[in-house]
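# Here's my sequence, what's the structure:
(one chain, ligands or ions: 1)
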Amino acid sequence: MDTKSVRDHFRIQVADYPALMRRIIPGYDEQRDLIVRLIPFNHDQRLRVLDLGCGPGLLAEEIVDGFANAGLTALDLTSEMLEACRTRLGGRAGVEYRFADFRTDELGSGYDVVVASLSLHHLALAERPGFCERAFAA
Ligand SMILES: C[S@@+](CC[C@H](N)C(=O)[O-])C[C@H]1O[C@@H](n2cnc3c(N)ncnc32)[C@H](O)[C@@H]1O
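Got it, this is the predicted structure:
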């Protein structure tokens, strides 16, 4: 999907997003818990996390709540999703919101962990190897 189609698709889902996901994605909550459990750092360690395609921030919330000293960048190209993420995480320290396209924009650098939940399938097959290199470099 091109960028505009992705935005148009997700901006209409924002209000009902968690309920919709629980209806159509088997194990939606368990998958998120698994990602958090796979983060190979102590829960009190200082670390920087990049969440690619954060959506309304359910994964970001679990990471920030689970890792007391984590700084997290929540990145998404759908402004409505990023706003919903900001609302969900409102008040938590160390969270930065980035309106950006992970296909074309700089990912940044210095991250200890890069996570993505249900967002990388928007990359075309040919883009995936190069994208993995960029994510690893970040
Ligand atoms: C299915 S939602 C997943 C949201 C969240 N990670 C979760 O697991 O609930 C996919 C999200 O990825 C975002 N997204 C898709 N392609 C993107 C891109 N190229 N750059 C940034 N965000 C993107 C969409 O806007 C949407 O918010």
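# all contacts plus neighbour counts: C-alpha atoms, from now on.
OK.
# Let me see the contact set for the residue most central in space within the chain.
Centre of the chain computed as the mean C-alpha position; nearest residue by CA atoms, centre = their mean is Cys54, 2.7 Å away. Contact analysis of Cys54 by CA atoms under 8 Å, 6 or more residues apart in numbering lists Ala60, Ala74, Leu75, Asp76, Met81, Leu82, Cys85, Ala116, Ser117.
# Could you pull out the buried residues of the helix or strand bottoming out on mean pLDDT in the chain?
When the helices and strands of the chain are scored by mean pLDDT, DSSP states H and E, helix 3-11 comes last with a mean of 78. Neighbour-count burial for helix 3-11, counted by 16 or more other CA atoms under 10 Å, picks out Arg7, Phe10.
# Next: stretch 123-138.
Buried residues in stretch 123-138, counted by 16+ other CA under 10 Å: Phe131, Arg134, Ala135, Ala138.
# related to what we said a few turns ago, in terms of secondary structure, what does the least confident helix or strand of the chain contact?
When contacts are defined as 3 or more CA pairs under 8 Å, 6 or more residues apart in numbering; DSSP states H and E, helix 3-11 sits against helix 79-89.
# From the contact counts, what lies against the helix it packs on?
helix 3-11, helix 58-66, strand 70-76, strand 95-99.
# can I get the ones you listed in a markdown table with distance to Ser109?
Putting the helices and strands packed on helix 79-89 into a markdown table (distance: least, CA to CA, whole Å) gives the following:
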| stretch | distance to Ser109 |
| --- | --- |
| helix 3-11 | 23 |
| helix 58-66 | 18 |
| strand 70-76 | 11 |
| strand 95-99 | 14 |
